[in-house]
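[1] Test case, fold it:
(one chain, ligands or ions: 2)
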Amino acid sequence: MFAAENGLKGDPRLQAISEAIRVLPHFPKPGIMFQDITTLLLDHKTFKDTVDIFVDRYRNMDISVVAGVEARGFLFGPSIALALGAKFVPLRKPGKLPGEVISEAYALEYGTDCLEMHIGAIQPGERALVIDDVVATGGTLSAAIRLLERVGGEVVECACVIGLPETKGNCRLNGKPLYILVEPRQIDNCC
Ligand SMILES: O=P(O)(O)OC[C@H]1O[C@H](OP(=O)(O)OP(=O)(O)O)[C@H](O)[C@@H]1O
Ligand SMILES: Nc1ncnc2[nH]cnc12
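    Ligands and ions are numbered 1, 2, ... in the order given. Now for the predicted structure:
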């Protein structure tokens, strides 16, 4: 669900967040409209508003785990975790975590990728929020949900700053709710 349809209708922070995201056409390959959140991070107020919206939403949901998806989920997740009094668990690409891991493969547009999580990072029954910058097909978040559920975690919700149109239907999010702040803008400065 989009934040604007869920209590934040007309909230000027959402428009500011949308406008702070740079849209770069044809990155990393032709035809992709890349949603670049690094420009949002340059704007302290808007960056803080982004984190605060998530913190306000999850403050009273008894979340003890914030799981961030590599790489850009790492930019938002730790701040949210600290504000909630929760632990932060990194979900990393293959071969990056030094300890014993469990892995979940997922489909990309072309080929597959994989996310890994340290065994022992979360305990059965812990309530988790999964955070990333963008959801497009939902494949990445679905793998994240599977990882957490394999060790008995309860995924309360997945949260993203941006939801691409492909998100509609949410069919690949394993039945878990998805909370999105803004839709992508189509273009900034084309070609
Ligand atoms: O919903 P999906 O279709 O799965 O796509 C969303 C994922 O794609 C991007 O990461 P990317 O795979 O580019 O990895 P990176 O952050 O390591 O560059 C983005 O940060 C999400 O994690
Ligand atoms: N258009 C896009 N911009 C940024 N990250 C993405 N991940 C998948 N599609 C993306």
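[2] Please make it C-alpha for all contacts and neighbour counts, starting now.
    Noted.
[3] where along the protein do the strands fall?
    Listed in chain order, the strands of the chain (DSSP state E) span 22-25, 33-36, 65-69, 87-91, 101-107, 112-118, 127-135, 154-163, 178-182.
[4] Would you point to the one among the ones you listed that's packed deepest?
    strand 65-69 (a mean of 28; mean count of other CA atoms under 10 Å).
[5] partner strands of it, parallel or antiparallel?
    Note on strand 65-69: by DSSP bridges, its sheet partners are strand 87-91 (parallel), strand 127-135 (parallel).
[6] Is the residue positioned nearest the centre of the chain bridged to anything, and to what?
    Per CA atoms, centre = their mean, the C-alpha nearest to the average position across the chain is that of residue 132, at 1.7 Å. Listed beta-bridge partners, residue 132: residue 160 (assigned using DSSP bridges).
[7] And the pLDDT for it?
    Here the pLDDT value assigned to residue 132 is 98.
[8] one step back: of all the strands of the chain, which lies closest to ligand 1?
    The closest of those to ligand 1 is strand 127-135. By CA to the nearest ligand atom, the value is 3.9 Å.
[9] ok, the residue nearest to the centre of the chain - contacts?
    The contact partners of residue 132, by CA atoms under 8 Å, 6 or more residues apart in numbering, come to 68, 69, 70, 72, 73, 74, 76, 77, 141, 159, 160, 161.
[10] right, and out of those, which lies closest to residue 8?
    Residue 8 lies nearest to residue 161 out of the contacts of residue 132, by CA to CA, at 13.9 Å.
[11] so where's this protein shaky on pLDDT?
    Low-confidence segments of the chain (pLDDT under 70): 165-172, 187-191.
[12] Can you name the residues of it that neighbour ligand 1?
    Contact residues (CA under 6 Å from any ligand atom) of the chain with ligand 1: 70, 71, 72, 132, 133, 134, 135, 136, 137, 138, 139, 140.
[13] Roughly how far does the fourth one sit from ligand 2?
    Counting by CA to the nearest ligand atom, to the nearest Å, the gap from residue 132 to ligand 2 is 10 Å.
[14] still on that earlier bit, which one of the contacts of residue 132 is nearest residue 112?
    Closest approach between the contacts of residue 132 and residue 112, by CA to CA: residue 141, at 13.7 Å.
[15] who touches that closest one in this structure?
    Counting by CA under 8 Å, 6+ apart, residue 141 has contacts 69, 130, 132, 135, 158, 173.
[16] What is the burial count for residue 11?
    Using other CA atoms under 10 Å, residue 11 is surrounded by 11 other residues.
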